[in-house]
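Trainee: fold the following for me, if possible:
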Amino acid sequence: MERAASPLPIHSFNHISRETENVARMEDFYRNVLGFQRIRRPQIKFPGAWLALPGRPDISIHLIQRDPSAKCILPERALCSPSLKRNGPQAIRRSHHLAFRTENIDKVRDILDKRGINYFETTIAGTSIRQIFFFDPDRNGIEIGNFPEEQPPFIDDSEEENELSGEEESM
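Mentor: As a prediction, the model looks like this:
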């Protein structure tokens, strides 16, 4: 059987995202029960926290404040956002997803186009990190980004950063 296009050029796992109604409670659990440490999070327009496993800063979890406009109680909120606009891949950003790193985000976009896969592309403000979000066949969220090879540095608890705050982003 001949392939329609090459596989995507991904080569490493980047992070797992979990949405929550209480970022502080989830952060407390992951830090105090599982031993994760805070890492720097860019100024993203919705609340959250990024945590990495000590000794393995390349393994991280991104806690994301649940979109308050999403009324569905299913675990995968992207499937049940209230507006049709948000039912597409752009909703993955605020929902559970697997994220992978690539060094060639343009090739990822080209291959998705060739395969006819609908996606949402964005850039994290203040960075050169480009992200592409799309669904697998079972509508599980997938993100591919041109993330740095290394995760952000750990945050010293004495630092005065308010990483849990953020403004609601309009999409």
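Trainee: can you show me the strands along this protein?
Mentor: Along the chain, the stretches classed as strands by DSSP state E are 10-20, 37-39, 48-53, 56-65, 97-102, 120-123, 130-135, 141-145.
Trainee: in JSON lines: these, plus distance to Ala91 and mean neighbour count.
Mentor: The C-beta positions use only the backbone N, C-alpha and C, and glycine is treated the same way. Converted to JSON lines, the strands of the chain look like this (distance: least, CB to CB, whole Å; neighbours: other CB atoms under 10 Å):
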{"stretch": "strand 10-20", "distance to Ala91": "11", "mean neighbour count": "17"}
{"stretch": "strand 37-39", "distance to Ala91": "25", "mean neighbour count": "20"}
{"stretch": "strand 48-53", "distance to Ala91": "16", "mean neighbour count": "22"}
{"stretch": "strand 56-65", "distance to Ala91": "12", "mean neighbour count": "19"}
{"stretch": "strand 97-102", "distance to Ala91": "10", "mean neighbour count": "20"}
{"stretch": "strand 120-123", "distance to Ala91": "8", "mean neighbour count": "15"}
{"stretch": "strand 130-135", "distance to Ala91": "8", "mean neighbour count": "21"}
{"stretch": "strand 141-145", "distance to Ala91": "8", "mean neighbour count": "23"}
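Trainee: nearest to Asp156, out of these?
Mentor: In terms of CB to CB, the element of the strands of the chain nearest to Asp156 is strand 37-39, at 8.9 Å.
Trainee: avg pLDDT for that closest one?
Mentor: Throughout strand 37-39, pLDDT has a mean value of 94.
Trainee: give me the residues contacting that strand.
Mentor: By CB atoms under 8 Å, 6 or more residues apart in numbering, the residues outside strand 37-39 that reach it are 27, 31, 49-54, 57, 60, 151-155, 157, 163.
Trainee: stretch 5-23 too?
Mentor: Stretch 5-23 is touched from outside by 26, 47-50, 58-67, 77, 94-104, 107-108, 111-112, 114-115, 143-145, 147, 151, 164, with contacts defined as CB under 8 Å, 6+ apart.
Trainee: do stretch 56-63 as well
Mentor: For stretch 56-63, the external contacting residues (CB under 8 Å, 6+ apart) are 12-20, 23, 26-27, 30, 36, 39, 41, 48-53, 99, 150-151, 153-154.
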